[in-house]
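Enquirer: Need the 3D shape of this:
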Amino acid sequence: MKINWRNCCDKTDEVIKLSFKKYSLFLLRLTPHQNIAQTVLSYTFLGTVLLCLPFMTYSHVSIIDNFFTAAAAVSTSGLNTVNFADSYTFLGKLIVLLLIQIGGVGYMTFSSFIFISFSQRHRLRIHQQEALSTEVSLPNTLKMSDFLWSAVAFTTIAESIGAVILYNFFRANDFSTWNAIWYSIFHSVSAFCTAGFSLWNNSLENFADSNTINIVISCLALAGSIGFIVIADLYTFIRRKTQAISLTTKIIVMSTLALLLLGTITLFMTTPSLTLTEAFFQSVAAMTTCGFSTVNVSLLSSASLLVLVLLMCIGGAPAGTAGGIKTTAFCTVVAIMRARLQLRTRVSILGRKIPLMRLYAATSTFLLYTLFLFISIFMLTWTEKLPFLSLVVESAAALSTGGLSTGISPELSVLGKLIIIGTMIVGRIGVLTFGTAVLASEEETAKEITLKSTEDVAV
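Expert: Residues are numbered from 1 along each chain as shown. A predicted model of the protein is given here:
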């Protein structure tokens with residue numbers, strides 16, 4: 001029987017077009033929060049399918065381990081259940097790098113920038129604006145278009161500068177030209193997106209004494225963690241589009257410096273074997289949730305591990321590449337507590353009153369984050385026979401997308417791996433966004449977006 005290939009191609013094309021049409025209609029029926037959740041899940045499953053292809057790995061990697069790697073890349077957590085450097089081929093690592101880049105910049109930011117670049121009117125559609133407004137909480141002093149261009153431009157510039165410096169370092173240390181290019185690009189993107197994936201089996205422990213690696217990776221992680229709001233805000237201020245730096249930027253910068261100082265001093269004091277440079281780097285790695293390490297995390301003292309858990313849970317800034325509760329939400333909760341202890345009804349930071357919606361968002365995020373962290377730890381202690389503190393660190397690293405681990409990931413059972421995968425996905429979606437996607441109606445979501453657009457501080 002002769003096959004009519006023309007008819008087959010036509011029917012295949014018709015099926016693909018119909019599928020895309022139905023998928024587009026499906027997306028239009030989703031709320032912005034649900035849109036973000038389905039996008040994260042879609043990228044994770046797509047990454048899993050690609051990594052399961054035979055030419056993506058050197059040796060057999062199970063489906064659950066590929067699923068774990070894809071989820072870790074999309075969530076930019078950097079946790080691994082297999083030896084990433086030795087298990088995946090160049091193509092496999094390239095897929096992971098692409099997932100890291102998209103996950104780090106932000107799904108809605110990435111897709112919105114692509115759309116606005118090719119759109120004749122250079123404008124986003126209403127549902128795209130709503131989804132992007134949900135993913136990135138911007139103060140009303142910043143326009144969405146300014147944020148998009150600033151985010152993409154800053155990402156490109158920062159990663160390029162980091163890659164050039166790392167390339168020169170690797171060439172000076174006898175790396176071949178190709179290896180220097182590949183290693184510099186991979187680690188520059190991984191650091192800026194705070195992903196923590198490394199092409200070495202022991203992360204960056206081989207470079208603990210290298211000032212270049214410590215400084216470059218720290219700067220890239222801080223640049224990504226501080227967030228695009230700060231960059232866009234400073235850009236508009238320098239160009240005199242705004243008259244003052246926003247409260248959000250001030251909170252982010254001050255809280256970041258304070259947490260870094262606290263982490264460095266505490267780690268240096270609680271683990272005597274750490275040098276000041278190592279203590280600083282691990283504080284940066286935890287607070288920015290970049291997940292790199294220049295020391296063996298499992299050898300740190302219990303007090304140091306608890307400090308790392310605290311820093312990972314607080315995390316970076318909103319609209320940045322880091323995870324966690326976010327520095328602005330943490331500062332808002334502290335401001336609420338301070339106002340209550342002083343018997344004041346007005347909650348303010350740096351003399352500015354915080355809007356009621358932001359207070360709700362901060363307290364809800366804090367409580368939900370604590371709840372999800374408790375559930376993850378509880379389930380792991382139920383299913384795994386591993387040290388309790390190691391399970392706490394693992395859960396915190398997954399939910400905050402922090403990636404710092406005591407090395408127990410490969411020892412987890414299949415159920416334990418699924419628990420961590422779910423925790424990573426929830427952490428990347430955002431606990432508040434995840435909860436809203438499950439419970440909030442379309443009408444309430446629209447009201448929230450309208451109220452947020454009138455506020456001058458992002459939490």
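
Enquirer: which non-adjacent residue is nearest residue 179?
Expert: residue 170 (7.0 Å; C-beta to C-beta, 6 or more residues apart in numbering). (C-beta placed from N, C-alpha, C; glycine too.)

Enquirer: pLDDT at the one you found, what is it?
Expert: With respect to pLDDT, residue 170 scores 94.

Enquirer: Check the gap between it and residue 324 for me.
Expert: 31 Å (C-beta to C-beta, to the nearest Å).

Enquirer: before we move on, what about residue 383?
Expert: Noted for residue 383: a distance of 25 Å to residue 324, by C-beta to C-beta.

Enquirer: Pick out whichever of the two has more residues nearby.
Expert: More crowded of residue 383 and residue 324, by other C-beta atoms under 10 Å: residue 324, with 28 against 17.

Enquirer: ok, now which ones touch the more buried one?
Expert: Residue 324 makes contacts with 289, 312-316, 400-402, as judged by C-beta atoms under 8 Å, 6 or more residues apart in numbering.

Enquirer: Tell me how many other residues surround the closest residue to it other than its chain neighbours.
Expert: Excluding the flanking residues, the one nearest residue 324 by C-beta to C-beta, 6+ apart is residue 315, at 1.6 Å. For residue 315, the count of nearby residues is 29 (other C-beta under 10 Å).

Enquirer: Please report phi then psi for residue 315.
Expert: The phi/psi pair for residue 315 (degrees, to the nearest 10) reads phi 70, psi -150.

Enquirer: hang on, it packs against residue 326?
Expert: Yes - the criterion here is C-beta atoms under 8 Å, and residue 315 meets it with residue 326 at 5.7 Å.

Enquirer: Listing request: residues of the protein with sub-threshold pLDDT.
Expert: 1-6, 8-13, 15-30, 106-149, 241-242, 440-459 (pLDDT under 70).

Enquirer: Residue 389 and residue 222, how far apart?
Expert: Residue 389 is 27 Å from residue 222, by C-beta to C-beta.

Enquirer: The two: who's more crowded?
Expert: Counting neighbours by other C-beta under 10 Å for residue 389 and for residue 222 shows that residue 222 has the greater number, 21 against 13.

Enquirer: got the contact list for residue 201?
Expert: Residue 201 is in contact with 83, 85-86, counting by C-beta under 8 Å, 6+ apart.

Enquirer: again but with residue 78, I slipped
Expert: Contacts for residue 78 (C-beta under 8 Å, 6+ apart) come out as 72, 190, 195-198, 290-292, 403.

Enquirer: Nearest to residue 235 among these?
Expert: Taking C-beta to C-beta as the measure, residue 235 lies nearest residue 290 of the contacts of residue 78, at 23.7 Å.

Enquirer: can I get the contacts of residue 201 in a markdown table with neighbour count, secondary structure and distance to residue 212?
Expert: Output for these, formatted as a markdown table (neighbours: other C-beta atoms under 10 Å; DSSP: H, G, I helix; E, B strand; the rest coil; distance: C-beta to C-beta, whole Å):
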| residue | neighbour count | secondary structure | distance to residue 212 |
| --- | --- | --- | --- |
| 83 | 13 | coil | 26 |
| 85 | 15 | helix | 21 |
| 86 | 11 | helix | 25 |
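
Enquirer: how about the helices in the stretch 101-250 of the chain?
Expert: Applying DSSP state H, counting those that start in this stretch to the stretch 101-250 of the chain gives helices spanning 107-118, 126-135, 144-172, 177-192, 211-226, 228-238, 247-270.
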